[in-house]
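Visitor: my questions concern the predicted model and sequence given below.
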Amino acid sequence: MAGLSIREEKIRKPIVDGLFYPSNAERLKHTITALLSGTAVPPGDASAIICPHAAYSYAGTHIASAFKSAMAREVEKVIILAPLHRDEGETLVLPESSHFRTPLGLLPVDQILADELCSMEPQLEKSDAVHTEEHCIEVQLPFIQHLFPGASILPLLMGRRIPDTVRLAVETLRRGFEMKRETTLVVVTTNLSSQRNRTEPETLLGLIEEQDWEAILDGVGKGDIDSCGAHCVAALLCLFHGSPTVRVLTRSDTESDIEGAEESDGIEYAAVSISEEGSG
């Protein structure tokens, strides 16, 4: 299209605006501001966060709490690891797009880092088709734009829940994070439980607090843990294993979501922060 400095075909367009969060920019800003001010979590300098990928009416409190725990940091890059909900392959998938769009504008993908990672790890793939169908990364983006204007993103969708894919995710996260550790935030998104496993939140949250990524993977392999994104959480905990402080900030059975949320969705949510030794 004439007059555009960025080709439209290189922009990943939103698919859940107006459904999971407001499609109007001013209303979206107001919603994010209200969610951030409404949580008791203090501003912090977390190196990584775990938050849900549901609609803001259900999980907005928890998404805001997670991001608020990192908002005191200077963030230039956000690495986002999220689960594939369909057509799972045995790999990680980066976008071909150069930017992701939300009602708040365009977010640049760090294509230089993406290309470097792909050159080091041939199992990494690039596919706009896969990213276009997934909402879980998109839900995080307005908070990134609001809190860290000017930051770039590295969006990663994680495939099948097998040890090889988790090892690939850990190595990819490590390479991306270590390149600019002080100004990089890692975001992992997972919903805490499925509708059919009501004991799962306690199990998964307990293992997160214990930083027991191996037990999470074991539970995933046995089918005891089937939260979408649990394998992403395992990869994150493996990356930071050793010295981090892990804090459960909010969870849906002790914190209220914003007005208008229904209680019948049957899925629980939580916010978690991970701070390295000597920070937060």
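Guide: Received, thanks.
Visitor: what segments of the stretch 51-200 of the chain are strands?
Guide: Using DSSP state E, counting those that start in this stretch, the strands of the stretch 51-200 of the chain run over 77-83, 92-94, 99-102, 105-108, 125-126, 152-158, 184-189.
Visitor: of the ones you listed, which is nearest Gly219?
Guide: Closest approach to Gly219 among the strands of the stretch 51-200 of the chain is made by strand 77-83 (15.2 Å; Cβ to Cβ). Where you see a C-beta, it was placed from the backbone N, CA and C, and this is true even at glycine.
Visitor: tell me which residues in stretch 136-153 are buried?
Guide: 136-148, 151-153 (16 or more other Cβ atoms under 10 Å).
Visitor: closest to Asp212 among those?
Guide: Within the buried residues of stretch 136-153, proximity to Asp212 (Cβ to Cβ) peaks at Cys136, which comes in at 23.7 Å.
Visitor: checking Cys228 next. Helix, strand or coil?
Guide: coil (DSSP: H, G, I helix; E, B strand; the rest coil).
Visitor: quickly note the distance from it to Thr183.
Guide: 29 Å (Cβ to Cβ, to the nearest Å).
Visitor: now swap in Ala270 and tell me
Guide: Counting by Cβ to Cβ, the separation of Ala270 from Thr183 is 26 Å.
Visitor: check Pro122 too.
Guide: As judged by Cβ to Cβ, Pro122 and Thr183 stand 28 Å apart.
Visitor: those two: who's more crowded?
Guide: Between Pro122 and Thr183, counting by other Cβ atoms under 10 Å, Thr183 is the more crowded of the two (12 against 8).
Visitor: name the nearest residue to the more buried one, ignoring sequence neighbours.
Guide: Nearest residue to Thr183 in three dimensions, chain neighbours excluded: Glu76, at 4.1 Å (Cβ to Cβ, 6 or more residues apart in numbering).
Visitor: is it true that the one you found touches Gly150?
Guide: Yes: in this structure, Glu76 is within contact of Gly150 by Cβ atoms under 8 Å, at 7.4 Å.
Visitor: next, count neighbours for the nearest residue to Met120 once chain neighbours are set aside.
Guide: Nearest residue to Met120, sequence neighbours excluded (Cβ to Cβ, 6+ apart): Arg175, at 6.7 Å. Neighbour count for Arg175, taken as other Cβ under 10 Å: 14.
Visitor: separation between Arg175 and Leu185?
Guide: In this view, Arg175 and Leu185 are 16 Å apart by Cβ to Cβ.
Visitor: ok, now how distant is the residue nearest to Thr183 from Cys51?
Guide: Distance, Glu76 to Cys51, by Cβ to Cβ: 20 Å.
Visitor: neighbour count winner among the two?
Guide: Shown here are Glu76 and Cys51; by other Cβ under 10 Å, Cys51 has more neighbours (29 against 15).
Visitor: next, Leu237: phi, psi?
Guide: Backbone torsions of Leu237, given as degrees, to the nearest 10, read phi -60, psi -40.
Visitor: show me where the stretch 1-150 of the chain has helices.
Guide: Using DSSP state H, counting those that start in this stretch, the helices of the stretch 1-150 of the chain run over 25-38, 56-68, 111-120, 128-133, 141-147.
Visitor: what is the shortest one packed up against?
Guide: In terms of contact count using 3 or more Cβ pairs under 8 Å, 6 or more residues apart in numbering; DSSP states H and E, helix 128-133 is assigned the packing partners strand 11-12, strand 152-158.
Visitor: contacts for it next, please.
Guide: The contact list for helix 128-133 (Cβ atoms under 8 Å, 6 or more residues apart in numbering) reads 12-13, 15, 84, 86-87, 93, 95-97, 137, 155, 157.
Visitor: just how off-centre is that helix within its chain?
Guide: 16 Å (Cα atoms, centre = their mean, to the nearest Å).
Visitor: now do the buried residues in it.
Guide: Within helix 128-133, the residues scored as buried using 16+ other Cβ under 10 Å are Asp128, Val130, His131.
Visitor: which one among these gets closest to Pro42?
Guide: Closest to Pro42 out of these is His131 (33.5 Å), distances taken as Cβ to Cβ.
Visitor: if I look at the closest one, how far off is Leu84?
Guide: 10 Å.
Visitor: overlap of the contact sets of those two?
Guide: Shared contacts of His131 and Leu84 (Cβ under 8 Å, 6+ apart): Val93, Leu157.
Visitor: about what we covered before: so which of the contacts of helix 128-133 sits lowest on pLDDT?
Guide: Lowest pLDDT among the contacts of helix 128-133: Asp87, with 62.
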